[in-house]
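A.B. asks: Just the structure for this:
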Amino acid sequence: METKNMLDEDSYNALLKGNKDWVAGRLKEDPEFFIELAKGQHPQVLWIGCSDSRVPANEVTGTRAGEVFVHRNIANVCVHSDMNMLSVLDYAVNVLKVRHVIVAGHYGCGGVTAALSKHQFGMIDNWLRNIKDVYRLHSHELDRITDETAKVNRLVELNVIEQVYNVCKTTILQNAWKERSDLQVHGWVIDLATGLVKDMKVTNSGAENLGYVYELNQKHAAY
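C.D. replies: Sure, this is the predicted structure:
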């Protein structure tokens with residue numbers, strides 16, 4: 001037990017040392033780095049990604065602090081009952097005025113793999129139902145895939161596509177598009193084996209591709 005605690009303490013202290021090393025490295029590159037960083041943020045990108053520790057937004061995109069606004073959850077899900085995601089989206093679009101919203105998944109996603117199983121994992125099962133719903137929508141394709149790895153990775157792709165669609169259906173995006181022409185929503189999948197991004201080619205820059213039932217063009221007085 002004592003050995004385990006020592007290991008835990010070492011890993012924690014490594015974080016503090018890592019912070020000091022990071023600060024020293026930035027100051028060596030630019031003595032004014034933190035002075036400028038403290039003045040505010042002006043990111044052009046909102047990243048909605050998976051919580052998986054292997055896909056940090058800044059490292060994947062080669063960007064620096066202050067350049068990407070980030071929201072992450074298990075399996076990069078965007079649902080209209082998630083006030084956390086909606087609040088981040090609203091702030092990014094309407095206050096920070098980002099120009100790009102990227103929904104980023106990754107092959108071998110543990111959340112997607114779990115959603116494909118029949119196991120119960122606890123509270124997360126309620127969250128994973130959103131991914132099971134994606135499977136239901138595309139079961140005609142996914143049921144034909146016999147290789148489990150291929151099935152997981154295809155569901156990863158389809159999940160990204162559906163979450164892009166969900167972002168576009170929000171009133172946040174639809175209202176922003178009425179006033180702006182420089183806002184785009186993209187879908188990416190990261191290949192952990194290569195580090196490279198696959199653009200799913202589902203970029204949207206307006207509400208034209210939404211189904212009729214999702215179009216919100218008029219406002220009515222409250223009942």
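
A.B. asks: Can you pull out the low-pLDDT segments for the protein?
C.D. replies: By pLDDT under 70, the weakly predicted segments of the chain are 1-7, 218-223.

A.B. asks: Neighbours of the residue nearest to residue 191 when sequence neighbours are not counted, how many?
C.D. replies: Closest residue to residue 191 apart from its sequence neighbours, by C-beta to C-beta, 6 or more residues apart in numbering: residue 107 at 5.4 Å. In short, each C-beta sits where N, CA and C put it, glycine included. By other C-beta atoms under 10 Å, 18 other residues sit near residue 107.

A.B. asks: I'd say residue 107 and residue 189 touch.
C.D. replies: Yes: if you go by C-beta atoms under 8 Å, residue 107 and residue 189 touch, sitting 6.4 Å apart.

A.B. asks: Now do the shared contacts for those two.
C.D. replies: Residues touching both residue 107 and residue 189 by C-beta atoms under 8 Å, 6 or more residues apart in numbering: residue 156.

A.B. asks: Tell me which stretches of the chain form helices.
C.D. replies: 2-29, 33-37, 57-61, 83-94, 110-116, 124-137, 139-142, 148-169, 171-179 (DSSP state H).

A.B. asks: Kindly reformat the ones you listed as CSV containing distance to residue 44.
C.D. replies: CSV is the format used below for these (distance: least, C-beta to C-beta, whole Å):
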stretch, distance to residue 44
helix 2-29, 21
helix 33-37, 16
helix 57-61, 11
helix 83-94, 10
helix 110-116, 28
helix 124-137, 28
helix 139-142, 34
helix 148-169, 17
helix 171-179, 15
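
A.B. asks: right, so of those, which gets closest to residue 75?
C.D. replies: Each of the helices of the chain has some distance to residue 75 by C-beta to C-beta; the shortest is helix 110-116, at 3.2 Å.

A.B. asks: show me the contacts for the residue nearest to residue 191.
C.D. replies: Contacts of residue 107 (C-beta under 8 Å, 6+ apart): 152, 153, 156, 189, 190, 191, 192, 193.

A.B. asks: just residue 175 next, same as before
C.D. replies: residue 216.

A.B. asks: And the chain, what are its domain boundaries?
C.D. replies: Domains of the chain are assigned by automatic domain parsing as 1-40, 41-207.

A.B. asks: what about the helices of the chain, which gets the closest to residue 72?
C.D. replies: Comparing the helices of the chain by C-beta to C-beta, helix 57-61 comes nearest, at 7.9 Å.

A.B. asks: May I have that closest one exported as CSV, CA atoms only?
C.D. replies: Extracted in CSV, the C-alpha atoms of helix 57-61 (Å, rounded to 0.1, in the frame of the first residue of the first chain):
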residue,chain,number,x,y,z
ALA,A,57,-7.0,19.2,-29.4
ASN,A,58,-3.9,21.3,-29.4
GLU,A,59,-1.5,18.5,-29.9
VAL,A,60,-3.6,16.9,-32.7
THR,A,61,-3.8,20.2,-34.6
